[in-house]
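[1] here are the coordinates; sequence isn't available:
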Ligand SMILES: NC(=O)c1ccc[n+]([C@@H]2O[C@H](COP(=O)([O-])OP(=O)(O)OC[C@H]3O[C@@H](n4cnc5c(N)ncnc54)[C@H](O)[C@@H]3O)[C@@H](O)[C@H]2O)c1
C-alpha cells in the first residue's frame, strides 16, 4: 500500500495563489505548443438529460494526470455544483500514484487563469476595464484572475443579482446589466451557454472577449454573426471545433481551421496575436487537461515545500 496526499478544495486554493495559477497556466500553453507536454483528446460520456462526464488525461513535467469531471448544468437547482470530480496524479517515470486532488477547485483556478492569460496575450495595450457575464463558480474565478492580472474596475452581470453583487463587492467592482458588462475592454462569459450573451451589435473596436461557458456540443454564448466580426483564437483546435463555442460555426462551414489561431502558438511566439488595435479578439476556451496538469504540479510542489498541508490516504 502507498500513502498519498489528498488535496481538498481549500488545500488547492491555499497551495496556488491566483498569480501563480496564471503564470503556470501560461507555461502550460507554451509547453504544449512546443510539443513538450502531451494531451490526448478529452473523452465525453453523456448522461442525458442531466449533463456529461469528461475524462481528461495529460502528461508533462514529472506527472501524468487524469481528471474525471462533470458538467451538470441543472445541478444548482438541486443545491449541487455544476463541476465536480477528482484528479489523479501519477509519477510519469514510475507510474506510481502520487496524489488525489479535488477537481472543481483545480478547474476553477485554471479556467479563470486561462481567461487572464488570453487577455494578457491578446487584449489591446490600453485595455483596463473588465466585464464578467455569468458570476457563478467559474465566473467568480475568472473575475478574480482578471483582477489579479491587473484588469478592472469591472462590471459583474448575472440574472442572480445576489451573485453579481457578492462578486463585485469582493473585488471592489460593480454589479450591472449584461449590456454594461459586454461593453468593457475585456469581457469574459461564463454562463451555461443556453442563450447568446455576446451580440454582434454590441461589439466595440479593440475589445477582447474570452468565452468560457460553451465547453460542450450544443452550447454557445456568442451570436453567430458576431464571430465573423472577431479575430478568432482557441485553446486547442481539435477540442474547440468539436465541442466549443466555435463548433456550431465550424459545422455550418462558416469557420475553418485557417480562421482560428491557437493561444499556445501566440504565447510560444510562433504566430502573431493582435495585429491591429481596432481588432476584436475572441478566445474560445473549452478547458484543457494541460491546464489542469499545470495546477496539479503547482499543488504538489507547494505541499513538498511545506506551504500547504494535506490529509493522506492509503491505496
Ligand atoms: N471553458 C472551461 O474551461 C470551463 C470550465 C468550467 C466550466 N465551464 C462551463 O462554464 C459554465 C458555467 O460553469 P459554472 O461552474 O460557473 O456554473 P454556475 O452555475 O456556477 O454559474 C453559471 C452562472 O451563469 C449565470 N447565468 C445563466 N444565464 C445567464 C445569462 N443569460 N447571463 C448572465 N449570466 C447567466 C447563472 O445565474 C450562474 O450564476 C458551464 O457551461 C460549464 O460547463 C467551462
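    Alright, I've got the coordinates. No experiment lies behind these values; they were computed from the predicted model shown. Numbers count the residues shown, from 1 in each chain.
[2] and the ligand, is the helix with the most length in the chain touching that?
    For the chain, the helix reaching the highest residue count under DSSP state H is reported as helix 103-122. Yes: using Cβ under 6 Å from any ligand atom, helix 103-122 comes into contact with the ligand via 107, 111. For glycine as for every other residue, the C-beta is placed from the backbone atoms N, C-alpha and C.
[3] any idea which helix or strand comes after that helix?
    As assigned by DSSP states H and E, the chain's next helix or strand after helix 103-122 is strand 130-133.
[4] what helices and strands are in contact with the helix or strand that that next one is followed by?
    Going down the chain from strand 130-133, the next helix or strand is helix 137-148, by DSSP H and E. The contact analysis (3 or more Cβ pairs under 8 Å, 6 or more residues apart in numbering; DSSP states H and E) places helix 137-148 against helix 18-33, helix 103-122, strand 130-133, strand 154-157, helix 161-171, strand 186-189.
[5] identify the residues contacting helix 137-148?
    For helix 137-148, the surrounding residues in contact (Cβ atoms under 8 Å, 6 or more residues apart in numbering) are 18-19, 21-22, 81-83, 104, 107-109, 111-113, 115-116, 119, 130, 132-133, 135, 152, 154, 156, 158, 163, 167, 170-171, 173, 186, 188, 190-191, 210, 212.
[6] need the phi and psi values for residue 51.
    phi 160, psi -150 (degrees, to the nearest 10).
[7] OK, contacts around whichever residue of the stretch 201-315 of the chain sits closest to the ligand?
    Nearest residue of the stretch 201-315 of the chain to the ligand: residue 287, at 2.3 Å (Cβ to the nearest ligand atom). By Cβ under 8 Å, 6+ apart, the contact set of residue 287 is 56, 107, 110, 111, 114, 212, 215, 235.
[8] farthest-apart pair in these, please.
    56 and 212 (15.7 Å; Cβ to Cβ).
[9] higher neighbour count, the two?
    residue 212 (31 against 26; other Cβ atoms under 10 Å).
[10] what ranges do the helices span in the protein?
    9-15, 18-33, 103-122, 137-148, 161-171, 178-182, 224-227, 237-243, 247-251, 263-267, 289-304.
[11] deepest of those helices, which one?
    Most buried of the helices of the chain by mean neighbour count (mean count of other Cβ atoms under 10 Å) is helix 103-122; its value is a mean of 28.
[12] tell me the angle of it relative to helix 137-148?
    Between helix 103-122 and helix 137-148, the angle comes out at 40 degrees (axes from the mean of the first three to the mean of the last three Cα atoms, to 10 degrees).
[13] enumerate the residues of the stretch 151-300 of the chain near the ligand.
    Going by Cβ under 6 Å from any ligand atom, the residues of the stretch 151-300 of the chain near the ligand are 157-160, 163, 178, 190-193, 195, 197, 212-213, 215, 219, 285-287.
[14] give me the buried entries from those.
    157-158, 163, 178, 190-193, 197, 212-213, 215, 219, 285-287 (16 or more other Cβ atoms under 10 Å).
[15] center of this protein - which residue?
    Most central in the chain under Cα atoms, centre = their mean is residue 111, positioned 2.2 Å from the mean C-alpha point.
[16] re the thing from before, now for the helices of the chain, which one comes closest to residue 61?
    Of the helices of the chain, nearest to residue 61 by Cβ to Cβ is helix 289-304, at 5.3 Å.
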